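J.: model the following, please.
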Amino acid sequence: FAIRPLELRVAGGHPPRVVLSLGGVVEELALPDFREVIHEAVRREEQGARQPKGPFSIDLSKVPLAEAALARGDFAETVELLSPWAGPLSMLLRTPQGQKLGSDAKQTLAKALGLLGAAHIEQGSHDVAEEVLRLGIQWAQDGLASSDLFASLGRIALAREQPGQAIGLLRRALSLGGKKMAILPELARSFMERERALAALVCLDEAVVAGVSEEDLSELRAQVRARLGEGLAAFRELVPQPVPINGAD
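T.: Next up is the predicted model:
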């Protein structure tokens, strides 16, 4: 199931927690949540076993169609095009045939799962999206598609009011070459949720350098100013506010 326990933490009078690798992502979960992860993996396996064993073919020409549908906001079409792939790709991943696929093919499959996950996020189906995205990470194996997958998982964590997890996932997305204009504002928002205003400010400055307009960041800027108070002026003496590129406001 791509679930690997790493550490059991019992300290400070708090309930025990498990650190585990879950679909390539290291997370810390309470024991009830860990049991639910195992149960859900078993349920998926049982559902896959009940599905017909007829031949399954993947039409990669659907990927650009799904990408175009997602770009124009037709999330239902993206799901319709790619949703039938999720179950078979989960089974194919554990077969010798799946492991023998070339890097380009694996990246394309990972990209498809990333598009499907993003569409589910837009539809508010976060549980389904997370499952699909973690499968995509296993296919990507830290390839080019991984950054978008980790960024999407970060957005889910932020939507679930789990900013600590969001920070780790969004940072991973950046380290894999993710799009700074899309990720840095969300990383700043995650830091503010953890009351780390200075880290949020640095992210906002980097977002401006990357091309995000100050208008789009105005709400977060106001939160940072309110949080830092007089400390903001002292910081600006050391680190001036960056000038927007291309004359952006």
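
J.: ok, the most centrally placed residue in the chain - contacts?
T.: In the chain, the residue lying closest to the centroid (C-alpha atoms, centre = their mean) is L153, at 2.2 Å. Listed by C-beta atoms under 8 Å, 6 or more residues apart in numbering, the contact set of L153 reads 25, 130, 133-134, 137, 169. To be clear about C-beta, it is placed using only N, CA and C from the backbone, and glycine gets the same treatment.

J.: the bottom helix or strand of this protein by mean pLDDT?
T.: helix 31-50 (a mean of 67; mean pLDDT, DSSP states H and E).

J.: quick check: next helix or strand after that helix?
T.: Once the chain leaves helix 31-50, the next helix or strand it forms, by DSSP states H and E, is helix 62-71.

J.: before we move on, the earlier item: now the buried members of the contacts of L153.
T.: 25, 130, 133-134, 137, 169 (16 or more other C-beta atoms under 10 Å).

J.: would you state the strands of the protein in chain order?
T.: 3-9, 17-22, 25-30 (DSSP state E).

J.: let me know the average pLDDT across the last one.
T.: For strand 25-30, the mean per-residue pLDDT is 71.

J.: same question, the longest one
T.: Averaging pLDDT along strand 3-9 gives 81.

J.: pull the CA atoms of that strand into PDB?
T.: Presented in PDB, the C-alpha positions along strand 3-9 are these (Å, rounded to 0.1, in the frame of the first residue of the first chain):
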ATOM      1  CA  ILE A   3       2.600   2.900   3.700                       C
ATOM      2  CA  ARG A   4       5.800   2.600   5.800                       C
ATOM      3  CA  PRO A   5       5.800   3.400   9.500                       C
ATOM      4  CA  LEU A   6       9.000   5.200  10.500                       C
ATOM      5  CA  GLU A   7       8.600   6.100  14.200                       C
ATOM      6  CA  LEU A   8       6.300   5.900  17.200                       C
ATOM      7  CA  ARG A   9       6.200   9.000  19.300                       C
END
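
J.: quick one: list the elements packing against that strand.
T.: strand 17-22, helix 31-50 (3 or more C-beta pairs under 8 Å, 6 or more residues apart in numbering; DSSP states H and E).
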